[in-house]
Structures are given as C-alpha cells and as structure tokens.
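Novice: A predicted structure for the sequence below; I have some questions about it.
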Amino acid sequence: MRTASASVVVDSLAARLRGEIGDGAVVTDEAARRTYECDGLTHYRAIPALVVLPETAEQVQAVVRACRDHGVSWVARGSGTGLSGGALPVADGVLVVTSRMRRIVELDLPNGRAIVEPGVVNLAISQSVSDAGWFYAPDPSSQLICSIGGNVAENSGGAHCVKYGFTVHHVAGLEICTPDGELVWIGAGRAAEAPGYDLVGVFVGSEGTLGIATKVAVRLLRRPEAVTTLLAAFDTVARAGAATSAIIAAGLTPAAAEIMDALAIQAAERAVACEYPAGAGAVLIVELDGPAVEVTEEEQTVRALCERAGAFEIRVAADAAERAEIWKGRKSAFAAVGRISPNYIVQDGVIPRTALAEVLAEIGALASAAGIRVANVFHAGDGNLHPLVLYDDSVPGEYEAAQRVSAAILDLCVDRGGSITGEHGVGVDKAAKLPLMFSPADLDTMQLVRCAFDPAGLANPGKVFPTPRLCGERPGPRAAGDATERAYERAGIEAW
Amino acid sequence: MNADTVTPGSAAEAAEVVRSGADRALAVVARGSGSKEHWAGVPSRVDVVMDTRRLAGVVSHEPGDLVVTVGAGTQLRHLQASVGLAGQRLALEAGSDAATVGGVLATGEAGPLRLRYGAGRDLLIGVEFVRADGILAHSGGRVVKNVAGYDLGRLLCGSYGTLGIITSATFRLHPMPADRAFLARPVRSPGELSDIVDDLLHSALSPAAVEVDLTGSGGTLVVLLEGSSAGVAARAAASLRLLGGSASVVDMPDWWGRYPFASDDIALKMAVPVAQLPATIEVLQKAAGPEVTVRGSAGVGVVYAALPGRTHPATLGAILATVRGALGGGDAGGSCVVLAAPPATRAAVDAWGPVPGLALMRRVKEQFDPERRLAPGRFVGGI
C-alpha cells in the first residue's frame, strides 16, 4: 500500500514525465499498469507505480533523470519474456518499457555490424539481413518475441550457443543510459576492441542493474554455406548423452546438440504432433553447419557415432522444411508441457557435460521421491539443463513439492561444479541461491561494479544479489575523500 | 626501480602480499615473464613487484568437458603442451614466447585465431584474483554456459592489473583441428587488401585466420584454413582460385603470430573497423614513411605497427593525430594506441587517444582500488 508521501512523489514524477515525453508515453491507470505486473516468471507479481514507454534514447534519459531527481527506483522491461523475474516491477517504482524502441538504426554489412534499438525483436535482426547472407547468432527459444535489450540484460543463449557463444560474444558496443542519467557509448562498436576496461563485457548479463541499453551494436555473421540437421532416437537418455560425448570427443563442434526425454517428447507430440520416433526414451537433435565439404564429412561421423551409441532410428533433414520439422518438437517443448500438466516450473541449471547421465538419473530419483514428474529438455552440447517440473496447483502441497524439487536440482548442479543459471538469469528467482556459488567476498566484489554505475541504487533494485551492498562501504583502511560523496556529486544528486 | 620483488607460492600468499602492502599503502605490480612490462604507461610508483612464476601449473583439465584451470603464472606454451596431449588447445596465442596466462589476459593479447575464436575474454569462463585490499575474489566458474553474477573476468581482461591481480583462470578449450593449410598471396599495397579480405570473409571458406604483413613496399596476405583433411584440401583449392594466380600454399610464415616490433621500437596497436583497415594502413604509411612495418589480423581489423625507437616525439604525435583524425574518433571509429615507446617519447604524446566511457571506467577503478595501489598510472586516463 503506497504511503501518502510516496503518492505525492509518483504524481510529481508522472506530471514531469508527461511534460517531457508526452501523455501517451506515461501510464498511470491501474488496470493498464497491472498488465505489466510480471514477466515470464508469473509466480512473482508487483504492480509498478508508473509505467513509461519511451521512444528514443533521449526519452529514456529523461525518465532516468526524473527518477534520479525524485529518488524513485526503476526497472527496465523489453518484451517481458524473461524467466527469472528480471523485469518484475518494484511496487513503488517506475517500469521503463522499451518495446516502442524498435528501429534498426543502421546496417553496416561491410563491417558485419547492425545498430539496433533495445526493443527490436531478436529474430528481426536476422530477418533484416538474411537476404544479404548474414545472420545474428544468439537464438533463445523465445526469439520470435524477446527483445535484444532483454537479451543484453540476461546474456541470453539459445540452442546454437554451443558453437556460436552467447549475446556477449555478439555485442560490439552499447549506448547506455547510466542510472545517473547520462547517455554513454561503451565498447568498440565497429572495431574489434577499444582501449580501456571492457564495460560492455560486464554490462551484458548484468540483468538491468547497471543501466539501460538504448542502442545495441551487434556483430553479424555470414550464413554458413551448408547446414544439416539430424534427429537420432535412443532407448535412454544415457545413450543419447553418450552419443553427444562421443561427438565432442571426435573433435566436432556441432552448431546445436539438444536432447529431450520421453516425457518432454510426449508433451511435444500432443502440442505440435512432431512425430518423433515412437517409443524413444530420448531424442538427440544435432545440427552441423559450415563449409559444405566439412559438413558432409561431419554428418557421416555423427551418424556413425549415433549408431554406435545405440540409436534405433536416425533421420536426416533433406531440406529446410524437414529441418523445421525436426526442430518443431524441440522448439515447442516448454509450452508443450502445458498439455500434460496444469502447471510447471521451467528450471535452468548447468552441469559439466560429462556428468549428464549421472545428474539426470539423480533428477529422476528426486522426482520420484517427491511424487513429482520432471520432463527434461537440455542443451546437451554444453550441459545446460532445462528440467520442466510438473505439478497441479489445485492439489494441496504439490506446488511446494515442485518448488523443493526445483531447488534441489539447482543444489545438485552446483554440487557437481555447474551453475544455477545457464541463460535465464538470477533475477529475483535465484538471488537466494547465488551464495551457493560465490562467497560473500565474491558478491561484495561484484557489487563494487554496481556501486560504480549506480551509487544511488535505483536501477532494478532487489535483483541478482541477495544482500544489497551500501555503496561507500569499503573494507580496509579509509582513504581521504569519500567515494560515495564524490559519486553523488558527479551525478548531481543532493544528499537527502 | 627500487621495488621489492616477492614470489608468492599460492593465491593465499599472493593475497597476503597485497593485504600487507595495503596496510603500508604500497603500490603493487604483477609480473609474469615480464614480456610486456614495457607496454602501456609507466606506473607512477611501484613498491612491490609480485612475480607470479610460482602461481603456475595446471590445476585441473577436464578433456571431456573441454575445460582447463591454470595458475596465472603458467606460460601459455606450457598450457598448450599440456592440453595438447588430449588433442585440445586454448584458441589463444601470444606474440611473446614466454608469455604467461595472467599477462596475456591482463594485456588483452590475442593472435591470428581471434578471427574465429575471439580474444582471451571470450575464452575465459572463470577467474580468481586478488583485490587491492588483499581479498581473494572469484567470478564465473567451471562451465562454459554460466550467467550467474557479473562477469568480472571480462572486466579484468585488458585491465593491465589495475583492478586486481589474476591468480588463476579457467578457460574453455577447443579440439585441435585435424588438418590445416596456409595460403599466401603477395600484396603490393594496402588498397589491394580491401577486395580480397572482403571476398574471403564473405565466402563460404570460413578461414580460421587472415593475417597481413606489410611495409611501404608491399608484403603478404596469409590465410589459415583449419578442419578435416578433405575439407581443408577442398577449401584450399577454392581459396587459391579466390586469391588469384600469385597465391600459393606455404608453410607457416616465420612472422605468423609475432609482433613486428622489437623491444626498443615504438609499438603501435590499431583496432579499426575491418572495412576501414586498408585505408587506415595507407594513412599510417603516408604519415610515418616507408620504415613502418604493419602486421596483424586483417580479418579482424587489429594490427600492430613498428616505428624506429628514435622517432622524434613530435613526429610520433603528428602520426597519431593523423591516423586518429582519419578514424573519425567518437564511438565506433576505431583506435590507435601506443603500446610501447621510450618513456620520454611516450610522456610527450597522447598514448591512448580518445577512450569512450572513460568517466565510467574511472568510477569502476575508484570502487576497486580507491587508494590507487594497483599499477597506478599504467592505464587509460591516468588510471
């Protein structure tokens, strides 16, 4: 419940923003604000005090400055498809929605670059350069909807990142609005590197806590000469995993290597009738791309290794249409489990690939012990698991049981030397688990970066770190001059 | 330099060195093999040199996962030999033979393979380092796919030891290619590079590296292809057709992956948009005269240049201004940096040029090292 003084602040802020960015960009109506109360992680909801929809970098700057002047925190949101609550609003704060910033500002194909606004949809980038023979590599499953700005915040991956890397490998420069309200270009842009610290490298994946990207200079790649996609069916996940290990051990770097278990296949079948081989305990989808002569040879190797690992059926796509058919089931997987269960949790954890079979067996054991079903979909090439923990909210205790299984899976991942998140981010969802991976000193060190960018703590507060660090705190002997005060001075903020 | 040299035997000892140094406000600089000690700015003070040679060795290598963890004092060539036994490599090269992993990361060194694999920051998946206050910190981990927490490893790469001292690093590895081929084509002038490099990069040939070695009177373009034996053979044939009649298959050139400058030369590093590289080299050659040698990654737009060490500071200043003027400055134009020069010469010129985001960088430095005890003055903007 907002206090009277908080209301006054919000009203003042709204009035100022109406003047600066227009009535149409400022949303105060409660029913309209409610539509932004969560992102893809629907379990966490909060109605923001104000929603703004800027159309330009200068308007973003106006919003951030106004928030700074009023001492109001803000959260940025792209398409709202995030799965860790990164765009969960702060109830007393502002939600800055970038979806109106959809321009592809510039294409520079001779240098393999595109400069785009943060609201541009991921797939739209590849679509705009595809005829010219280029593509933008990071391909999260939500790429039909998710925004590049959101991808930058989360350092999004996708099925093809085993070969091509993640968003951070494909962002050459950023124009950001700092939490102080300055528009700053960081990174090399068209060049491969620039002198100074790699601020782009730390900004990508910082989950909206260091500022708002207002322009993104992405790296484009030439479309490979040839692509081939295979689907191999196995009796067990262990065999599919062994096939993957053999492919990697043979010195191949597939463009993608995805595995789905029987339950995930069943769901996909019901959702999109993908017609994967009947009775499969697991399917492995391998995609290979590159020069045609290399791909042809690699395809033979992959077939042979899958057969040796016990594949009972192997399909090879003859053309783009068949490739799409093979991928149809995998791409539908997350949403598809909705057909076999009223509710589900999408989990995201990473383990060393060599521990795959063992960990999946343990997940199975956890699941049966709890009486909860878990469907497994994962990026076999890099050990990034997406257990889909199924439950029925209408059954008392089942949600809690599912939550416990989901949390236990993360513990297992860390225990095996992996990570609590491979691509969905920490957000609010996993902040409490971050200390499993990092010591207090580690987290304190990361927050030094946050203090450099956002000493006032207004950018996406409450995300990533379980315990916020007061900026200006410094372990060890104090030196002359207070870093915090200087930071405030620079930001033009008067101390309250 | 009247600094004391200490040689810690573990990360904990390294942390203790820095911590006790902090108590006495001592400035600390790390040294691996010292191969790049003369790069970048001369620190305004050095009280302690931390020799990392005992922080060496492979901590763990998981061939099945293509991951390796090494001490920062490990020489890159020893790391390669070690993972090479399993048919793997770290797709990162250094211009100097004895370069250590810590130094390669801290200076942002990378070689011809960066066209395909990126630089150190793209291959680093986990890092351990000592903070200015002597606390040992970590980021990343042991798996390639990991977005938990901020990526401090990337921040440390290229930071010249001004934010922290790396004690160990975890990298993602790649399989050694089954085969490879080098193809060379003589070039008479930088202008010839434009079309050839463009054609190569936009072809289906997928080169692993495209390097150039040029003086005022011409030089050579060399392409590296890697892959299967049959694949490399076919792609080499196609590449020769693309490169034209004067091209041929060669052994690895002895200049491959090596800097064009000697320790007493003035060393420049230019990082420019790929399509603008040929024109930029021409501007440099015109400004600097026939003695300048340019060598590096034509496919990436990162090249090195050597000028005689005796070059007058005013001349160097004029060359830098001319090249930077041609680059246009600003957010995406590219950079020309003085990597090394005689101290008096360096002090007389703007060695780094424009640095986008410098104010933010200073704020990061202030958080990590408010008392400026880690390599003070070594880096951009007096950091």
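Specialist: Good, I have the coordinates. Numbering: from 1, shown residues only, chains lettered A, B, ... in the order given.

Novice: roughly how far apart are A:Met446 and B:Glu128?
Specialist: Taking Cβ to Cβ, to the nearest Å as the measure, A:Met446 falls 14 Å from B:Glu128. All C-beta spots, glycine's among them, are computed from the backbone N, C-alpha and C.

Novice: what packs against the helix or strand hosting B:Gly153?
Specialist: In the assignment (DSSP states H and E), B:Gly153 maps to helix B:152-156. Helices and strands touching helix B:152-156, by 3 or more Cβ pairs under 8 Å, 6 or more residues apart in numbering or on different chains; DSSP states H and E, are helix A:199-203, helix A:440-453, strand B:124-130, strand B:136-140.

Novice: ok, residues contacting that helix?
Specialist: If you take Cβ atoms under 8 Å, 6 or more residues apart in numbering or on different chains as the criterion, helix B:152-156 is touched by A:168, A:197-199, A:201-202, A:445-446, A:449, B:105-106, B:121, B:124-127, B:129, B:137, B:139-140, B:163-164, B:166, B:169, B:364.

Novice: okay, that helix in CSV with CA atoms only?
Specialist: Coordinates of each C-alpha in helix B:152-156 appear next as CSV, following Å, rounded to 0.1, in the frame of the first residue of the first chain:
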residue,chain,number,x,y,z
LEU,B,152,34.4,-9.8,-13.6
GLY,B,153,36.7,-11.9,-15.8
ARG,B,154,35.8,-9.7,-18.8
LEU,B,155,36.4,-6.6,-16.8
LEU,B,156,39.9,-7.8,-15.7
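
Novice: how is the chain divided into domains?
Specialist: Going with chain A. A:4-97, A:104-222, A:225-336, A:341-430, A:438-489 (automatic domain parsing).

Novice: um, chain B though
Specialist: With automatic domain parsing as the reference, chain B has domains B:4-175, B:179-250, B:266-356.

Novice: now the ones you listed as a markdown table including mean pLDDT and mean neighbour count?
Specialist: Putting these into a markdown table (pLDDT from 0 to 100; neighbours: other Cβ atoms under 10 Å in any protein chain shown) gives the following:
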| stretch | mean pLDDT | mean neighbour count |
| --- | --- | --- |
| domain B:4-175 | 97 | 22 |
| domain B:179-250 | 95 | 18 |
| domain B:266-356 | 94 | 20 |
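
Novice: which of these sits closest to A:Gly290?
Specialist: Checking these against A:Gly290 by Cβ to Cβ gives domain B:179-250 as the closest, at 5.7 Å.

Novice: ok, and does the closest one reach over to chain A?
Specialist: Yes: against chain A, domain B:179-250 shows contacts by Cβ under 8 Å from any Cβ of the partner chain at B:Asp198, B:Leu201, B:His202, B:Ala204, B:Leu205, B:Ser206, B:Gly227, B:Ser228, B:Ala230, B:Gly231, B:Ala234, B:Arg235.

Novice: now do the contacts for residue 5.
Specialist: Using chain A. Here A:Ser5 is in contact with no residue (Cβ under 8 Å, 6+ apart).

Novice: chain B is the one I meant
Specialist: Taking Cβ under 8 Å, 6+ apart, we find B:Thr5 in contact with B:Arg31, B:Val48, B:Val49, B:Met50, B:Asp51.

Novice: so which of those is the closest to A:Ser394?
Specialist: Nearest to A:Ser394 among these, counting by Cβ to Cβ, is B:Met50 at 62.1 Å.

Novice: any figure for the gap between A:Leu388 and A:Val337?
Specialist: From A:Leu388 across to A:Val337, the span is 5 Å (Cβ to Cβ).

Novice: please name the nearest non-neighbouring residue to B:Val143.
Specialist: A:Val350 (4.7 Å; Cβ to Cβ, 6 or more residues apart in numbering or on different chains).

Novice: with A:Pro342 instead?
Specialist: Using Cβ to Cβ, 6+ apart, the nearest residue to A:Pro342 is A:Asp392, at 4.8 Å.

Novice: can you check A:Ala459 too?
Specialist: A:Pro179 (4.4 Å).

Novice: give me the number of residues near that neighbour?
Specialist: Using other Cβ atoms under 10 Å in any protein chain shown, A:Pro179 has 26 neighbouring residues.

Novice: where does A:Glu287 sit: helix, strand or coil?
Specialist: Secondary structure, DSSP: H, G, I helix; E, B strand; the rest coil: A:Glu287 is strand.

Novice: surely it and A:Thr229 touch.
Specialist: Yes: shown here, A:Glu287 and A:Thr229 form a contact pair, counting by Cβ atoms under 8 Å, at 4.8 Å.

Novice: hmm, A:His386 is touching A:Tyr344, no?
Specialist: No: A:His386 is beyond contact range of A:Tyr344, at 10.9 Å (criterion: Cβ under 8 Å).

Novice: tell me the pLDDT of A:Ala487.
Specialist: A:Ala487 is assigned 41 on the pLDDT scale.

Novice: ok, A:Trp496 next?
Specialist: Listed pLDDT for A:Trp496 reads 25.

Novice: poorly predicted segments of the stretch 1-150 of chain A, please.
Specialist: Along the stretch 1-150 of chain A, segments meeting pLDDT under 70 span A:1-2.

Novice: grab the nearest non-local neighbour of the residue sitting nearest the centre point of chain B.
Specialist: With distances taken as Cα atoms, centre = their mean, the residue of chain B nearest its centroid is B:Glu109 (1.5 Å). Closest residue in space to B:Glu109, ignoring its immediate chain neighbours: B:Ala94 at 4.9 Å, by Cβ to Cβ, 6+ apart.

Novice: which residues touch that neighbour?
Specialist: Counted by Cβ under 8 Å, 6+ apart, B:Ala94 has contacts B:Ser35, B:Leu76, B:Gly103, B:Val104, B:Glu109, B:Gly111.

Novice: quick check: closest non-adjacent residue to A:Ala91.
Specialist: A:Ala46 (4.6 Å).

Novice: doesn't A:Ala268 fall inside a helix?
Specialist: Yes: counting by three-state DSSP, A:Ala268 is found in a helix.

Novice: give me the element the closest residue to it other than its chain neighbours is part of.
Specialist: Spatial nearest neighbour of A:Ala268, chain neighbours left out: A:Gly329 (3.9 Å); criterion: Cβ to Cβ, 6+ apart. Element membership for A:Gly329 (DSSP H and E) is helix A:320-336.

Novice: show me what that helix is packed against.
Specialist: Against helix A:320-336 (3+ Cβ pairs under 8 Å, 6+ apart) you get strand A:226-234, strand A:256-261, helix A:262-272, strand A:282-290, strand A:373-379, strand A:384-391.

Novice: okay, those in JSON lines with distance to A:Thr42 next?
Specialist: Formatted as JSON lines, those follow (distance: least, Cβ to Cβ, whole Å):
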{"stretch": "strand A:226-234", "distance to A:Thr42": "32"}
{"stretch": "strand A:256-261", "distance to A:Thr42": "24"}
{"stretch": "helix A:262-272", "distance to A:Thr42": "19"}
{"stretch": "strand A:282-290", "distance to A:Thr42": "28"}
{"stretch": "strand A:373-379", "distance to A:Thr42": "19"}
{"stretch": "strand A:384-391", "distance to A:Thr42": "14"}
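
Novice: columns mean neighbour count and mean pLDDT on top of these, output as TSV?
Specialist: Listed next are those as TSV, based on neighbours: other Cβ atoms under 10 Å in any protein chain shown; pLDDT from 0 to 100:
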stretch	mean neighbour count	mean pLDDT
strand A:226-234	22	98
strand A:256-261	26	97
helix A:262-272	21	95
strand A:282-290	26	98
strand A:373-379	25	96
strand A:384-391	26	96
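
Novice: so who does B:Gly108 touch?
Specialist: Counted by Cβ under 8 Å, 6+ apart, B:Gly108 has contacts A:Glu193, B:Ala119, B:Gly120, B:Arg121, B:Cys157, B:Gly158.

Novice: among these, which lie within helices?
Specialist: B:Gly120, B:Arg121 (DSSP state H).

Novice: looking at the contacts of B:Gly108, which is nearest B:Ala314?
Specialist: Of those, the one sitting nearest to B:Ala314 (Cβ to Cβ) turns out to be A:Glu193, at 28.2 Å.

Novice: how about the residues of the stretch 1-150 of chain A that lie near chain B?
Specialist: The stretch 1-150 of chain A has residues A:Asp108, A:Pro110, A:Asn111, A:Gly112, A:Arg113, A:Gly133 near chain B, with proximity defined as Cβ under 8 Å from any Cβ.
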